[in-house]
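Chemist: curious how this folds, go ahead:
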Amino acid sequence: GIRDLVRSRGLGDVYKRQHPDWGTAGWLPMGEGKGDLFHGTFDGNGKVISGLWINRNTGTGNGTGIWGASAGSITNLGVMVDPEGAVLDDANVGAIAGINNGIIANCYAIGDVVATSRVGILVGSNGGSITQCYGVGTVSGQRYSGGLAGFNGNSKTISNSYAMVDVTRSGGTSEDVGGFVGHNYRGIIENCYSTGSVTDGSTPLTSKGFCGSIDAGGDYHMSGNFWDTQTSGATSSAGEATGLTSAQLKQQTTFDGWDFASTWSIISDNGTVSYPFLTDNAQDPVPGLVVAWNGEGVWGTSANWYSSTMPESGANVTVHSGNLTIDQDVTVGSMSVAPAAKLTLSAENTLTASRLILESVGEEVSEGRDNISVASFKNLGTVSADLVEYQRYVPAVAFEYFASPIAGQKANVFGDLAVTGLFAFSNADNNWVRQSDGNMEIPAMQGFTFITNDAATVTFAGTDFYSGNQSIALDRNATVFNLVLSLIHISEPTRPY
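Modeler: Here you go, the predicted model:
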């Protein structure tokens, strides 16, 4: 068990960056070499090995990780790579094992893994079985590089696992790089998903969402697999995998055939949602968790948060319904505001977020109908957000009021204006005027109407986030709630055509 491993290999001192027996190369893997595989049974009993670092360049490809090469059974173990280091070698590299020819189950790895070939956060090459495992972090390699595993071999199996790993092709032009697995060589991958990006340096590789490449001979089989198109930026993938939005991957109904009775769990409760996570190997916090607010009140009203628990700093949150007033300085991951919900930032307070998302839903607005519901954000304080997105989910042509929250935003953020249709209201003419100049700067808080046939996400990318309670009346009967409008009603002759 863990105790014997600690005694025999000094593993309890992994967190020390200069263990006296390691020199500058770091941890010496067990099962060192393709001819010296680990054949035992190791049950980690839910324990975590932290502070792992390996810095080797053996040139042998014999395997690098806690285990270099294993033909045994490794279960119930977590490995956390030293945040100031990495697991690094030339080929067949993973935090748990460089080469797996046995069983790895109920394990996870977190951190950075680097190699030239056959590299994954969990294992570099899989020649056995991996089940109910996950990985979080980054992977860098030139070929056979994947989020969970770099290479999956003939008739070998990966099932009920996921990777939240950004993969970088660090050189060359190999197609064998993917969000979950780099290359599936006639192997079996079932009921798995990935969320990370795949890039060539800093250039997105949009066709590598889940799997980089496949060989479909032999016992090849892939089914029930998914990747997140929003977080990955990928639009397609090799093999049988489906790209879906983050919201779709947080709905249990998406995962037909997955075992949510004993293997998988998901949170979906009145706006609070998560990605699927493993019931007996649960990530903490659970992946993709968005904590919902429902009700009226200020940030500190714990009863209005999911499970009556205040979100921790850096958590992803959503105003699912009601009106939330932020009356203190708050730092979150993403902050989304659902259609018809309202968010107010009080004066002298600061909201810091990686993403601010304003949502809308509805159909075409015609005279006498109020059937578009928009998120509202009233900003009296200071906002620091890396991305500000206006997300609209409308199945048909829609006419919607909105206002840019950022100064200096160009009109071409809405694409081809001749196709989408962008209208500004002219007080002088008491009518809407189509805009045709994509280089026109949209004045912050200026009212516009946006028309398109498809659901869309518009990411604002101006200079300064607009602060203050200034707003512009677009219609004599419209109610303005700062960044976007609520209680929308368009009456003739102000309806844009």
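
Chemist: only C-alpha atoms for contact and neighbour calcs from this point on.
Modeler: Fine.

Chemist: direction included, what does the strand or helix carrying residue 51 pair up with?
Modeler: Taking DSSP states H and E as the criterion, residue 51 maps to strand 41-52. Pairing partners of strand 41-52, with direction, according to DSSP bridges: strand 73-81 (parallel).

Chemist: looking at the helix or strand just after the partner strand now, give me its mean pLDDT.
Modeler: Downstream of strand 73-81, the first helix or strand assigned by DSSP H and E is strand 87-88. Mean pLDDT, computed over strand 87-88, is 94.

Chemist: now swap in stretch 195-202 and tell me
Modeler: 96.

Chemist: show me the contact partners of it.
Modeler: Under the criterion Cα atoms under 8 Å, 6 or more residues apart in numbering, residues 147, 163-171, 177-179, 204-206, 208-209, 227-229, 231-234 lie in contact with stretch 195-202.

Chemist: got the end-to-end distance for stretch 408-417?
Modeler: 18 Å (Cα to Cα, to the nearest Å).

Chemist: for residue 412, what are its contacts?
Modeler: For residue 412, the contact set (Cα under 8 Å, 6+ apart) comprises 437-440.

Chemist: filter those down to the buried ones, PyMOL style.
Modeler: Here is the PyMOL selection string for the buried members of these, based on 16 or more other Cα atoms under 10 Å:
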select buried, resi 438
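
Chemist: now render the contacts of residue 412 as CSV, adding distance to residue 352.
Modeler: Listed next are the contacts of residue 412 as CSV, based on distance: Cα to Cα, whole Å:
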residue, distance to residue 352
437, 33
438, 30
439, 29
440, 28
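
Chemist: nearest to residue 326, out of the contacts of residue 412: which one, please.
Modeler: residue 440 (33.3 Å; Cα to Cα).

Chemist: next up, the contacts around that closest one.
Modeler: So residue 440 contacts 410-412 (Cα under 8 Å, 6+ apart).

Chemist: inside strands: which ones of these?
Modeler: Judged by DSSP state E, the subset of those located in strands is residue 410.

Chemist: closest one of the contacts of residue 440 to residue 51?
Modeler: For the contacts of residue 440, the nearest to residue 51 is residue 410 (46.3 Å; Cα to Cα).

Chemist: for that closest one, give me the pLDDT.
Modeler: Reported pLDDT for residue 410: 82.

Chemist: start the count at 35 instead of 1 going forward.
Modeler: Taking 35 as the first residue, the last one we looked at is residue 444.

Chemist: among the contacts of stretch 229-236, name the buried ones.
Modeler: Applying 16+ other Cα under 10 Å to the contacts of stretch 229-236 flags 181, 197-204, 211-213, 238-240, 242-243, 261-263, 265-268 as buried.

Chemist: list the contacts for the spatially most central residue of the chain?
Modeler: Centroid-nearest residue in the chain: residue 265, 4.2 Å away (criterion: Cα atoms, centre = their mean). By Cα under 8 Å, 6+ apart, the residues touching residue 265 are 229-231, 280.

Chemist: scan these and report the most crowded one.
Modeler: residue 229 (31 neighbours; other Cα atoms under 10 Å).

Chemist: gap between that residue and residue 242?
Modeler: According to Cα to Cα, residue 229 and residue 242 sit 11 Å apart.

Chemist: was I right about residue 284 contacting residue 311?
Modeler: No: using Cα atoms under 8 Å, residue 284 is not in contact with residue 311; the gap is 10.4 Å.

Chemist: what's the closest of the contacts of residue 446 to residue 193?
Modeler: residue 472 (47.7 Å).

Chemist: that closest one and residue 443 touch, don't they?
Modeler: No: using Cα under 8 Å, residue 472 is not in contact with residue 443, being 10.3 Å away.

Chemist: overlap in contacts of those two?
Modeler: By Cα under 8 Å, 6+ apart, no residue touches both residue 472 and residue 443.

Chemist: before we move on, the earlier item: the helix or strand hosting the residue nearest to the centre of the chain - what's its average pLDDT?
Modeler: Using DSSP H and E, residue 265 sits in helix 263-266. Throughout helix 263-266, pLDDT has a mean value of 92.

Chemist: just the CA coordinates of stretch 314-326, formatted as CSV?
Modeler: Output of stretch 314-326 as CSV, limited to C-alpha atoms (Å, rounded to 0.1, in the frame of the first residue of the first chain):
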residue,chain,number,x,y,z
ASP,A,314,-16.6,7.1,-6.7
ASN,A,315,-13.8,9.4,-7.9
ALA,A,316,-15.3,12.8,-7.5
GLN,A,317,-13.4,15.9,-8.4
ASP,A,318,-13.4,18.6,-5.8
PRO,A,319,-14.9,21.0,-6.6
VAL,A,320,-17.0,19.1,-9.1
PRO,A,321,-16.1,20.0,-12.8
GLY,A,322,-17.6,23.0,-14.4
LEU,A,323,-19.8,23.8,-11.4
VAL,A,324,-21.9,27.0,-11.7
VAL,A,325,-23.5,28.1,-8.5
ALA,A,326,-26.9,29.7,-8.9
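
Chemist: contacts for it?
Modeler: By Cα under 8 Å, 6+ apart, the list of residues contacting stretch 314-326 reads 110, 140-141, 166-167, 297, 301, 304-311, 339-340, 345, 349-354.

Chemist: type out the ChimeraX command that picks the buried ones from those residues.
Modeler: Command for ChimeraX, covering only those of the contacts of stretch 314-326 found buried under the criterion 16+ other Cα under 10 Å:
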select :110,140,141,166,167,301,305,306,307,308,309,310,311,339,340,345,349,350,351,352,353,354
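
Chemist: direction included, what does the helix or strand hosting residue 425 pair against?
Modeler: Following DSSP H and E, one finds residue 425 within strand 416-427. When pairing is defined by DSSP bridges, strand 416-427 lines up against strand 384-396 (parallel), strand 490-494 (antiparallel).

Chemist: quickly find the element holding residue 192.
Modeler: strand 191-193.

Chemist: if anything else comes up later, I'll come back, but that's it for now.
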